[in-house]
Structures are given as C-alpha cells and as structure tokens.
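Colleague: Structure of the sequence below:
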Amino acid sequence: MNVIIRYFAQVRELRGRDEETVTFPAGTTAASAYAALGLPVALPVAFAVNLERVPGSTELHDGDELVFLPPIGGG
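Modeller: Numbers count the residues shown, from 1 in each chain. Model (predicted):
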C-alpha cells in the first residue's frame, strides 16, 4: 500500500525532504512506519493520519496521509 508521509521540524531535517510516498506492507501501523524509515526512537513523536491525531498502533491504509509530529521547541 502507498502512504503519503509529510515531515516537519527535526524529522524533515533528518529525511531531507518535506514529503514522500512510501510503500508499506498491509498491516503497517503509524509507529511501525516510523521505525521502518529508520527514524530515531529517542525522538518522541506523535502521529496524525488524514489530519487526525492517532495512537501509534493505528493501522494504515492505501492512500493515507501520515504525519510525524515532533516536539515543538522555542524560546
């Protein structure tokens, strides 16, 4: 299945792009997609699928938009 992934903040810097379409096997969850991309487990992220915040255990479907929401810092 194809999933559109959008990146922000530190995750965008790590991936070197704003978005990409990635093919995952059926049954992939938001958290397992994050792990499959080799992103750092030490970076606490939240997940959003199709503009709705969801737990990492949420199963993805073909055509979904997945967003990794890293912590927001500022000064």
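
Colleague: Would you map the strands across the protein?
Modeller: Remark: strands assigned in the chain by DSSP state E are 2-6, 19-23, 46-49, 52-54, 65-69.

Colleague: got a markdown table for the ones you listed, with distance to Pro40 and mean pLDDT too?
Modeller: C-beta here means a position set from N, CA and C on the backbone, and glycine is covered the same way. Shown next, in a markdown table, are the strands of the chain (distance: least, Cβ to Cβ, whole Å; pLDDT from 0 to 100):
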| stretch | distance to Pro40 | mean pLDDT |
| --- | --- | --- |
| strand 2-6 | 16 | 98 |
| strand 19-23 | 17 | 97 |
| strand 46-49 | 15 | 97 |
| strand 52-54 | 20 | 97 |
| strand 65-69 | 11 | 96 |
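
Colleague: neighbours around Thr29, how many?
Modeller: 18 (other Cβ atoms under 10 Å).

Colleague: for it, what are its contacts?
Modeller: Thr29 is in contact with 56-60, counting by Cβ atoms under 8 Å, 6 or more residues apart in numbering.

Colleague: So among those residues, which ones count as buried?
Modeller: 58, 60 (16 or more other Cβ atoms under 10 Å).

Colleague: Looking at the contacts of Thr29, spot the one nearest Asp18.
Modeller: Closest approach to Asp18 among the contacts of Thr29 (Cβ to Cβ): Leu60, at 19.3 Å.

Colleague: The closest one reaches Phe47, doesn't it?
Modeller: No. Contact criterion Cβ atoms under 8 Å: Leu60 and Phe47 do not qualify, at 9.8 Å.

Colleague: shared neighbours, those two?
Modeller: With Cβ under 8 Å, 6+ apart, Leu60 and Phe47 have common neighbours 30, 66.
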